[in-house]
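S.K.: Whatever this is, show me its structure:
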Amino acid sequence: MNLKSSSSDETPDGVAAMLAVEMDFAMFSSDWANCDRLSDYVAAMISRDQSDPVRYANVLSSAVNELLEYSFRIGTGGGRLLCEVSRIGEIDRVALSFPVEARSRVISQLDAIVSVDVAPRYLEMLHGYHAAEPEDSLLGLKANFDASITAGKGLDDLLTIVADIPTQGLIN
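M.R.: Purely as a prediction, here's the structure:
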């Protein structure tokens, strides 16, 4: 696992890079508990500069965990998992890149899911009206954390999902 930490140097567009974690996707996907471990680690590192770091870490860990669980469910093959966290004002941006088959199809599916009102489908999922699907993690991320989610082609033929999470607003 490779770790990169930043002292929050802002780029000209106001993005402050905070943390990057890279690991072998096969190793990550070998144990479901890795989703929780990695999200806890990322959240603990990012929350250190907050007035209530425990509360902040709890919220951010839950959000990052939803993304990691999605990658665990749909990721395939070898390659790497890359999780990058940056801050843009009050927003924490989590970019998760991982290998997946039929990347273009997955991107189209994600665009369709995140572009509609997720509340009705999320409530159906919570009440068990439809079978659990990998995308349910993203529905939860949008419904519970008011995250803005986009998907695209990442480096090395990886799928990259970017979630902008208004963590500050959720805490205050």
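S.K.: and the residue nearest the centre of the chain, which of the three is it?
M.R.: Against the mean C-alpha coordinate of the chain, by Cα atoms, centre = their mean, the closest residue is Leu67 at 3.5 Å. Of the three states, Leu67 takes helix according to DSSP: H, G, I helix; E, B strand; the rest coil.
S.K.: and the nearest residue to it once chain neighbours are set aside, how many neighbours?
M.R.: Once flanking residues are discounted, Leu67 sits nearest to Leu96: 4.9 Å by Cβ to Cβ, 6 or more residues apart in numbering. For every residue, glycine as well, the C-beta is placed using N, CA and C. Leu96 has 24 neighbouring residues, counting by other Cβ atoms under 10 Å.
S.K.: Leu96 belongs to a strand, doesn't it?
M.R.: Yes: assessed by three-state DSSP, Leu96 belongs to a strand.
S.K.: how about the strands in this structure?
M.R.: Along the chain, the segments classed as strands by DSSP state E run 2-5, 16-24, 80-88, 91-98, 148-153, 159-165.
S.K.: Export those to CSV and append columns for distance to Leu60.
M.R.: As requested, the strands of the chain are exported to CSV (distance: least, Cβ to Cβ, whole Å):
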stretch, distance to Leu60
strand 2-5, 16
strand 16-24, 11
strand 80-88, 8
strand 91-98, 6
strand 148-153, 15
strand 159-165, 7
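S.K.: Flag every buried residue along stretch 137-147.
M.R.: By neighbour count on 16 or more other Cβ atoms under 10 Å, the buried set for stretch 137-147 is 137-143, 145, 147.
S.K.: For the nearest residue to Leu141 once chain neighbours are set aside, give me its contacts.
M.R.: Distance criterion Cβ to Cβ, 6+ apart; nearest residue to Leu141, sequence neighbours excluded, is Glu66 at 4.3 Å. When the contact criterion is Cβ atoms under 8 Å, 6 or more residues apart in numbering, the partners of Glu66 are 137-138, 140-141, 145.
S.K.: For this protein, which segments count as helices?
M.R.: Remark: helices assigned in the chain by DSSP state H are 25-28, 33-46, 53-74, 103-114, 119-126, 136-145, 167-171.
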